[in-house]
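1. build me a model from this:
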Amino acid sequence: MPKNPPTSIDTGDFPPEEFQLRANELVKWIADYLGHPERYPVLPPLVPGETRAALPASPPDEGEGLRTILDGFERDIVPRLTHWNHPGFLAYFANTASVPGILGELLATALNTNAMLWRTGPAAAELEQLTTDWVRQLIGLQPGWFGIITDLASTSTLYALAAARESDPTLEIRRKGLAGRNLPALRVYCSDQAHTSVHKAAITLGIGSDNVVNVESDAEFRMRPDALERAIATDRAAGHRPIAIVGVLGTTSTTSVDPLDAIADIAAREKLWFHVDAAYAGVAGAVPEMRHHFAGVDRADSLVINPHKWLFTPMDCSVLLIKRPDILKRAFSLVASYLETAEQDSVVNYMDYGFQLGHRFRALKLWMVIRAFGARGIADRIRHHCALATEFADWVRAEPGWTVEAPHPFSVVCFRHDAPGTLEESNAHNSRIMDRVNASGEVFLSHTVLKGRYVIRVAIGNLRTERSHLERAWQLLRTAAGTPEPAAD
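-> Predicted coordinates:
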């Protein structure tokens, strides 16, 4: 250590007074942003590299004032963002960073809790156990599920398939791995409409994407149980080792629901792990009259729901519910000597249930959202979104030249405009329609492809989306397609 260390160097944080001043300014900005999100285009003009070019290429030698930084944020960053909180955001799965969720995220960030061990965040760990059980109750599942909050459904699905891989300890995969051994190919089954996260999990876990069997779906884009049974029988005859089935409650393209009860029968008979991807539509179980879609879910081994999709919780927040947490723990637990604690056998240490050591305090914002809206308020909002989707689909069906291309059990509608010519030309026509609408900056739509047909999707899930925004989207769509506007009364 130097004999006379310099005393003029600032080695601390900004003073609390500065934080309070700037935080008050930010709260005012956020309140104004939430109150008037339409002042920005929902989709900015897409110019790759523009944001980076507007910013200094190197970090500053001397620190800059927070006011200068915040001014730069508003000038250089915000106008070039896609605004997911915009009521005209109708792409992918629309979502909301709600007021209670934003407040919960602010508090969690300030606390900076890492609940890797129970003792490094006792309240955080126990609140996560409570809040994930609230989610279970909210969607009408029976007791007996263990919950863990991850970042995204991709991680939750990876964890579920890791547990499926570990469910037969005689394979000794945790210790010996998959490579260089005389093991049969491990097979995972999902419909041809399942999310790519199933394939990515298989890649990451060493199962391999070729060993994910895409089972044929029916005319309503649901997995066919007869095709699933044939695929399993064929694989067993070939010497492969089936380990898991992934059913979907709300597919990404169309939100179709696989016949989960029939799939559960097959999984039980074949002794396979049954995982349900309900990342988008799982929260619909909060609406009692929609629980018929959930037949068979309570028979699953694991289930993923993303509150950051349709439960008004800011990114990121994914809930994995699992029936046999001991298998998940067996797949991942590795306790170094410096992480051993006296109470480790009587508490939940979340580091034992995944590949990450650290564990963010995501439960706080979810807990605040559920408390703020309540079970009835959540159900009312979801029910309202589904009603808006039904009305939008009715507009499409009533308009000559437009067709609804898939069932819409929840709040997503898939549709397209008919055009003369080949399928390729018709697909290009619908792609141009969507691009013209998105260029308006008023709404943002996305697409999918169903049986070779390019279809446009409207996804409703933002708390600030009103009927008027859908009316405007429909007007823009009709204009982009060249559909004449109705004559004035």
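2. what's the residue nearest the centre of the chain in contact with, if anything?
-> Centroid-nearest residue in the chain: Asn306, 4.7 Å away (criterion: CA atoms, centre = their mean). Applying CB atoms under 8 Å, 6 or more residues apart in numbering, we find Asn306 in contact with 152-153, 279-280, 282, 317-319. In this view, the C-beta of every residue, glycine as well, is placed from N, C-alpha and C.
3. can you pick the most crowded of these?
-> Ranked by the number of neighbours (other CB atoms under 10 Å), the contacts of Asn306 place Val319 first, at 32 neighbours.
4. can you list the domain ranges for the chain.
-> As given by automatic domain parsing, the domain ranges for the chain are 18-44+81-97+374-489, 114-360.
5. quick one: the shortest one to chain centroid distance?
-> Between the mean C-alpha location of domain 18-44+81-97+374-489 and the chain-wide mean there is a distance of 18 Å, by CA atoms, centre = their mean, to the nearest Å.
6. mean confidence score for that domain?
-> Mean pLDDT, domain 18-44+81-97+374-489: 94.
7. circling back to that earlier point, of the contacts of Asn306, which belong to helices?
-> Using DSSP state H, the members of the contacts of Asn306 that fall within helices are Ala153.
8. where do the helices sit along the stretch 151-300 of the chain?
-> For the stretch 151-300 of the chain, the helices defined by DSSP state H, counting those that start in this stretch cover 153-166, 173-176, 197-204, 225-237, 260-270.
9. for the ones you listed, which has the smallest mean pLDDT value?
-> helix 173-176 (a mean of 92).
10. show me what it is packed up against.
-> Where contact means 3 or more CB pairs under 8 Å, 6 or more residues apart in numbering; DSSP states H and E, helix 173-176 is packed against helix 153-166.
11. go through the protein and flag its longest helix.
-> Max-length helix for the chain by DSSP H is helix 363-398.
12. report the buried residues of that helix.
-> By neighbour count on 16 or more other CB atoms under 10 Å, the buried set for helix 363-398 is 363-370, 372-373, 378-379, 381-386, 388-389, 392-393, 395-396.
13. again with stretch 267-286
-> Quick answer for stretch 267-286 (16+ other CB under 10 Å): 267, 270, 272-286.
14. most neighbours per residue, which of the domains of the chain?
-> domain 114-360 (a mean of 20; mean count of other CB atoms under 10 Å).
15. first-to-last residue distance for it?
-> In domain 114-360, first residue to last residue: 6 Å (CA to CA, to the nearest Å).
16. now swap in stretch 243-263 and tell me
-> OK, stretch 243-263 end separation, CA to CA: 14 Å.
17. coming back round to it: and of the contacts of Asn306, the nearest to Ile69?
-> Minimum distance to Ile69 across these is 27.1 Å, recorded for Cys317 (CB to CB).
18. how close does the closest one get to Ala363?
-> 9 Å (CB to CB, to the nearest Å).
19. same check on Gly282?
-> With CB to CB as the criterion, Gly282 and Ala363 are 17 Å apart.
20. how about Ala23?
-> 23 Å.
21. residue ranges for the helices of the stretch 351-489 of the chain, please.
-> Going by DSSP H, counting those that start in this stretch, the stretch 351-489 of the chain shows helices at 363-398, 423-439, 467-480.
22. what packs against the first one?
-> Right, the one you point to is helix 363-398. Using 3+ CB pairs under 8 Å, 6+ apart: helix 363-398 touches helix 99-111, helix 122-138, helix 307-310, strand 402-404, strand 412-417, helix 467-480.
23. between helix 122-138 and it, find me the angle.
-> 30 degrees (axes from the mean of the first three to the mean of the last three CA atoms, to 10 degrees).
24. use 56 as the first number for this chain going forward.
-> Sure, I'll start counting at 56 from here, so that last one is helix 418-453.
25. what's the angle from helix 418-453 to helix 154-166?
-> 150 degrees.
26. next: the last one.
-> Going by the same axes, to 10 degrees, helix 522-535 is angled at 100 degrees with respect to helix 154-166.
27. ok, now the second one?
-> Orientation of helix 478-494 against helix 154-166 (the same axes, to 10 degrees) gives an angle of 80 degrees.
28. quick revisit: out of the helices of the stretch 406-544 of the chain, which comes closest to Lys231?
-> helix 418-453 (35.5 Å).
29. how about JSON lines for the contacts of Asn361, with distance to Ser308 added?
-> Shown next, in JSON lines, are the contacts of Asn361 (distance: CB to CB, whole Å):
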{"residue": "Leu207", "distance to Ser308": "18"}
{"residue": "Ala208", "distance to Ser308": "15"}
{"residue": "Ala334", "distance to Ser308": "13"}
{"residue": "Tyr335", "distance to Ser308": "11"}
{"residue": "Gly337", "distance to Ser308": "17"}
{"residue": "Cys372", "distance to Ser308": "23"}
{"residue": "Ser373", "distance to Ser308": "20"}
{"residue": "Val374", "distance to Ser308": "23"}
